[in-house]
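[1] this is a predicted model, with the sequence first.
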Amino acid sequence: MSYRVLLVDDEPLARERLKRLLQEHDDFVCAGEAGDGSAALSWLQQHGADLVLLDIQMPGRSGLEVAAAMQQLPQPPLLVFCTAYDEHALQAFAVKALDYLLKPVRREDLSRALQRAGEWLAQRPASAVAATAPGSRTHLSARTHNGLQLIPLESIICCHADQKYVTVLHEDGETLIDESLKQLEDEFPQLFIRVHRSTLVAKQRMERLQAVDEGGHQLCLRGLAEGVAVSRRHLAEVRRVMKEL
C-alpha cells in the first residue's frame, strides 16, 4: 500500500529534493505539490492526502496557518514540517505536527519521520484519520547550548524534579527542560505516572516493582540501570497500572 504525500514549499528546488528522497520509500508517493499555503489547502480539499510535508516560511499564509486550517478538513492528513528555522517548534507541535525537520532535510531524518507516519497510518482505517490524529505534541523541547533540542516522547524513560529544574532522562541522555512535572502529568496522563513527588516515569518503561532492604519500594525501568524510588503514597496506583500493562 502506498500513502499519498503532498509537498508544500515555495522553493521549487526544495520540493525537488524532497521528491528525490521520497522515491527511496516505496510506501510513500508524491501525489501533488503546492508553492504556497492557499494552493495547498485548495489541493487538499479536491484530492486529499495521507501526509503533508510543509514549509513554514512562505509568501501569504504561513505553514503554521495552513496547518491550523488543515485541522478543519473532514480528514486532516498527518503533518511534518520541513523548515530552515527552529524557533517555530513549539508552535508546530501545537498544531499537531508529527515531526519537525530542519532544512536541508537529511535523508535519515526524513526516513525517521516517514517511519513514524507509516506506523500511525497503518494502525487505522483511512476513514478514521480525523478521529485518531496524533496528540498536540509528540516531542518535548529544550533550549540547550547547542540550540533547540527535541525529545521524542517515546524515548523518555523518566523525569525528575530538583527544586525548579526538571531533568528528562531519555534514550540519548539527560536534558533540562522548563516545564514542571505537574504540566507533563496533566498533559500526558496516558504516558506518564507519578511514582514520587519528584518523579514521573513512562508507563511503557515499567518492568518490575521490588522491595528494598532499607524499607520501601523501587521501580525498575527499561533503559535505566538504577531503580527509581516509589513513595508509599503512590505505591497502590503504581501496582494498579502495572497490572493493566
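    Sure, I can see it.
[2] which strands and helices sit next to the top helix by length along the chain?
    For the chain, the longest helix by residue count, based on DSSP state H, is helix 107-122. Applying 3 or more CB pairs under 8 Å, 6 or more residues apart in numbering; DSSP states H and E, one finds that helix 107-122 makes contact with strand 3-8, helix 12-22, strand 28-34, strand 51-54, strand 78-83, strand 99-102. Backbone N, C-alpha and C define where each C-beta goes, glycine included.
[3] show me what counts as buried in the second one.
    Buried residues in helix 12-22, defined by neighbour count with 16 or more other CB atoms under 10 Å: Ala14, Arg15, Arg17, Leu18, Leu21, Leu22.
[4] nearest to Gly32 among the residues you listed?
    Proximity to Gly32 was ranked across the buried residues of helix 12-22 by CB to CB; first place goes to Arg15, at 10.4 Å.
[5] picking that back up, most packed of the helices and strands packed on helix 107-122?
    strand 51-54 (a mean of 28; mean count of other CB atoms under 10 Å).
[6] who does it pair up with?
    strand 3-8 (parallel), strand 78-83 (parallel) (DSSP bridges).
[7] got a markdown table for the helices and strands packed on helix 107-122, with distance to Leu245 too?
    A markdown table is the format used below for the helices and strands packed on helix 107-122 (distance: least, CB to CB, whole Å):
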| stretch | distance to Leu245 |
| --- | --- |
| strand 3-8 | 31 |
| helix 12-22 | 37 |
| strand 28-34 | 33 |
| strand 51-54 | 31 |
| strand 78-83 | 27 |
| strand 99-102 | 27 |
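[8] these two touch, right, Leu41 and Met70?
    Yes. Under the contact definition of CB atoms under 8 Å, Leu41 touches Met70, with a separation of 7.1 Å.
[9] which strand residues bridge Thr199?
    His160, His196.
[10] and it, how many neighbours does it have?
    Number of residues near Thr199 (other CB atoms under 10 Å) recorded here: 20.
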